[in-house]
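[1] next come a sequence and a model predicted from it.
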Amino acid sequence: MGGIEWLQQFREWSKLPVVVLTVNDSDEEKVAALDFGADDYVTKPFSVPELMARLRTAMRHTMSPEESPVFKNGGLEIDYSARTVTVAGKKIKLTSTEYDLLRVLARNIGRVVTHGMLLKEVWGPHSVEHTQYLRVYMGKIRKKLRFDGDKRE
């Protein structure tokens, strides 16, 4: 599957920012990628500071005005830009998948989030039948987010 085809399919189910990194600097490829949903297009060679700045910009542009880069609810705090989670002031180590699940739930606080929605958002559109993934990961997240520090693993 080519990059443009992948981007089209990805945009069917996700609004996450996409920055295209490539050696192809033709105007046609740039325009196609941007028209099909890329947020930015970077050609090689590029510097790491430039790439990081472009990623930060893409992240800023995808947040709606009412969204904050930090989610706070009770003792739970999620810093979306740093991808960190703290509970009662203590930093919690989460795997990438655990973090992604928690992020989706936090961004949808007060709304019903189905198994299918979570699976599609975190694992992709072809994973909506794998509910056992959620059972395992949600159990791990619950243990890690306990407010009682003595019982946290």
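    Looks like it came in fine. Predicted model only: the values in this text are computed from it and were never measured.
[2] the residue nearest the centre of the chain sits in which helix or strand?
    Geometric centre of the chain, nearest residue: residue 100, 5.7 Å, by CA atoms, centre = their mean. Here residue 100, judged by DSSP states H and E, is contained in helix 96-107.
[3] show me where pLDDT drops low in the protein?
    Low-confidence segments of the chain (pLDDT under 70): 1, 12, 62-68, 147-153.
[4] what about the helices in this protein?
    3-11, 27-35, 48-62, 96-107, 115-123, 131-144 (DSSP state H).
[5] for those, give me a markdown table that also has distance to residue 70.
    Every residue, glycine included, has its C-beta placed from N, CA and C. Below are these laid out as a markdown table (distance: least, CB to CB, whole Å):
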| stretch | distance to residue 70 |
| --- | --- |
| helix 3-11 | 27 |
| helix 27-35 | 30 |
| helix 48-62 | 13 |
| helix 96-107 | 10 |
| helix 115-123 | 20 |
| helix 131-144 | 19 |
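[6] out of the ones you listed, which gets nearest to residue 71?
    helix 96-107 (4.6 Å; CB to CB).
[7] and the angle from that closest one to helix 115-123?
    130 degrees (axes from the mean of the first three to the mean of the last three CA atoms, to 10 degrees).
[8] buried stuff in helix 96-107?
    98, 99, 100, 101, 102, 103, 105, 106 (16 or more other CB atoms under 10 Å).
[9] swap in stretch 9-16?
    residue 10.
[10] can I get that stretch in PDB, CA atoms only?
    Coordinates of each C-alpha in stretch 9-16 appear next as PDB, following Å, rounded to 0.1, in the frame of the first residue of the first chain:
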ATOM      1  CA  GLN A   9      -7.700   4.900   4.900                       C
ATOM      2  CA  PHE A  10      -6.300   6.400   8.100                       C
ATOM      3  CA  ARG A  11      -8.300   9.600   7.700                       C
ATOM      4  CA  GLU A  12     -11.500   7.500   7.600                       C
ATOM      5  CA  TRP A  13     -11.200   6.700  11.300                       C
ATOM      6  CA  SER A  14      -8.600   9.100  12.900                       C
ATOM      7  CA  LYS A  15      -8.100  12.800  13.300                       C
ATOM      8  CA  LEU A  16      -4.600  12.300  14.700                       C
END
